[in-house]
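Enquirer: just need the structure, nothing else, for what follows:
(2 chains)
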Amino acid sequence: MNDMLHQVEPLIPALRRYARALVRNRAAADDLVQDCLERAVSRWHQRRDADARSWLFTILHHLAINQFRRAAARGKHVTIDETNEDKFGQDAVQEQKLIYQDVLNKLAKLPEDQRAVLLLVAVEDLSYADAAKVLNIPLGTVMSRLSRARERLQQEIEGAGDDASKNVVQLRSVR
Amino acid sequence: MNHRPITEDDLHAYVDRVLEPERQVEVEGYLESHPEVAKRIAAFSGQRDLLRAALAPIADEPLPAELNLSRIIENRRRRAAPVWWAVAAMLLVCISGVTGWIARGSMMQAQPGGLIALAEEAADSYNVYAPDHVRPVEIRAADNAQLVRWVSSRLHQPVNVPDLSTAGYRLMGGRLVATSHGPAAMFMYDDDHGERLVVLTRPMSTDQNAPMLPQSKGDVAGFAWADGGMGYSLVGHSSAESLRPIANEVRKQARTI
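Expert: Okay, the predicted model is just below:
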């Protein structure tokens, strides 16, 4: 149990970050992480992977994907959190936050499989081989998805003027 | 100058800073002489920095109480404890059931006790053997023929090993296990994520033919049923419902012996 605590506990912040970046809702993401940790605790002795990190990300990713599928099947929508919680920040800080918010909005437009690869590799620092394990896809597919994800995100960033502002308006009007 | 041509994969590995130092130098040289590519790669690096900066604050947030690992472990221990009492109580019931024929007879009529006992045996085998890292099975899948001969001779029944590869589970192997109803054959499977399943089969004295019913014990769940005097139970570490298609597959294959 101690061994588990030492190996798993330091990884929880990264698991939260990955879950939040995928589902973009704090409560829903933390529920996934909790579910992931409960499974990890009950299956700790069954894991064959020496590396707890990719094992945990695998469990979390599966839970997230299952949730996406269930939500899609029910036609349910998880609300996206607004991140501008404190309104008293300095202007520069606010501006920085808007830039961050903007890139996350653009990331959210990528297909789920491309987003997952990009997050695991570029943010969570998983090796390409570990990302392949987590996503249960061949290494070559990781590389091609990563390439497509980066191209697509770049298109979103560069095409910011017309297309993106239209989407923002649409989103707002739906709410 | 370059020994190997620079590939798209090299460029991504450059962005992700995972290249070997010599290769790093080669890619840098390539980018210097290819400004268009260099621009694209710089944009990718910019994305990476921006995403990391945008998401970094999440990892710095204090953990909510629900994500306190010590608490999750403690909760599980507290939940698990009553299960062991239930197991002990169940064993007592089984023992008194075996010694007292009258009690046993009356119990069996009330509910499909044969199936319940079978599912319990499967769950017990799962709990003992599935977490085993050293020797979860006695005979490995490679010696399938030997395994089939062994269990068929001990069960006095032709037993075939279900093939669950279409469901993504590989046969690891099997063994003979002891139950209070005689020997049973246990087969263990696993998938690419190390999830293990157990199929237990033995001749039935009661419930010789019984429909497939969901069963659970602690956090091990699955299905049990009986066909033509043989009982089957499939269990794993997930909800019974998620195992239904696999249980159907086992039943289908068992019928075609």
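
Enquirer: okay, the residue nearest to residue B:172 when sequence neighbours are not counted and chain A: tell me how far apart.
Expert: Closest residue to residue B:172 apart from its sequence neighbours, by Cβ to Cβ, 6 or more residues apart in numbering or on different chains: residue B:188 at 4.6 Å. Yep, even glycine has a C-beta here, placed from its N, CA and C like the rest. Using Cβ to the nearest Cβ, to the nearest Å, we find residue B:188 at a distance of 11 Å from chain A.

Enquirer: just give me how far the strand or helix carrying residue B:188 sits from the chain centre.
Expert: Counting by DSSP states H and E, the element that carries residue B:188 is strand B:182-190. In terms of Cα atoms, centre = their mean, to the nearest Å, the centre of strand B:182-190 is found 14 Å from the chain centre.

Enquirer: is whichever helix or strand comes after it in proximity to chain A?
Expert: Once the chain leaves strand B:182-190, the next helix or strand it forms, by DSSP H and E, is strand B:196-203. Yes: counting by Cβ under 8 Å from any Cβ of the partner chain, chain A is contacted by strand B:196-203 at residue B:196.

Enquirer: buried set for strand B:196-203?
Expert: Neighbour-count burial for strand B:196-203, counted by 16 or more other Cβ atoms under 10 Å in any protein chain shown, picks out B:196, B:197, B:198, B:199, B:200, B:201, B:202, B:203.

Enquirer: now the strands for the chain?
Expert: Since no chain was named, I'll use chain A. Per DSSP state E, chain A has no strands. Nothing in it meets that criterion.

Enquirer: wait, chain B
Expert: Using DSSP E, strands in chain B cover B:139-140, B:170-179, B:182-190, B:196-203, B:210-217, B:220-227, B:230-236.

Enquirer: let's have the buried residues of strand B:196-203 in CSV, adding pLDDT.
Expert: What follows is those, written out as CSV (pLDDT from 0 to 100):
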residue, pLDDT
B:196, 91
B:197, 94
B:198, 95
B:199, 95
B:200, 95
B:201, 94
B:202, 93
B:203, 90
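
Enquirer: kindly report the residues of the stretch 151-257 of chain B close to chain A.
Expert: Contact residues (Cβ under 8 Å from any Cβ) of the stretch 151-257 of chain B with chain A: B:192, B:193, B:194, B:195, B:196, B:219, B:237.

Enquirer: so the spatially closest residue to residue B:146 that is not a sequence neighbour bridges to which residues?
Expert: Once flanking residues are discounted, residue B:146 sits nearest to residue B:139: 5.9 Å by Cβ to Cβ, 6+ apart. Beta bridges link residue B:139 to residue B:174 when assigned by DSSP bridges.

Enquirer: quick check: residue B:139 vs chain A, distance?
Expert: Distance from residue B:139 to chain A, counting by Cβ to the nearest Cβ: 20 Å.

Enquirer: hang on, isn't that residue packed against residue B:175?
Expert: Yes: shown here, residue B:139 and residue B:175 form a contact pair, counting by Cβ atoms under 8 Å, at 6.7 Å.

Enquirer: now the longest helix anywhere in chain A: buried residues?
Expert: Looking across chain A with DSSP state H, the single longest helix is helix A:52-74. For helix A:52-74, the neighbour count (16+ other Cβ under 10 Å) marks A:52-64, A:67 as buried.

Enquirer: quick check, nearest of these to chain B?
Expert: Among the buried residues of helix A:52-74, residue A:58 lies closest to chain B (Cβ to the nearest Cβ), at 5.9 Å.

Enquirer: so what's that closest one up against?
Expert: Applying Cβ atoms under 8 Å, 6 or more residues apart in numbering or on different chains, we find residue A:58 in contact with A:133, A:134, A:136, B:193.

Enquirer: redo that, cut-off 6 Å
Expert: A:134, B:193 (Cβ atoms under 6 Å, 6 or more residues apart in numbering or on different chains).

Enquirer: hang on, the earlier thing: could you dump the residues of the stretch 151-257 of chain B next to chain A to CSV with distance to residue B:121?
Expert: Shown next, in CSV, are those (distance: Cβ to Cβ, whole Å):
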residue, distance to residue B:121
B:192, 28
B:193, 26
B:194, 23
B:195, 21
B:196, 16
B:219, 17
B:237, 17
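
Enquirer: sounds good, over and out.
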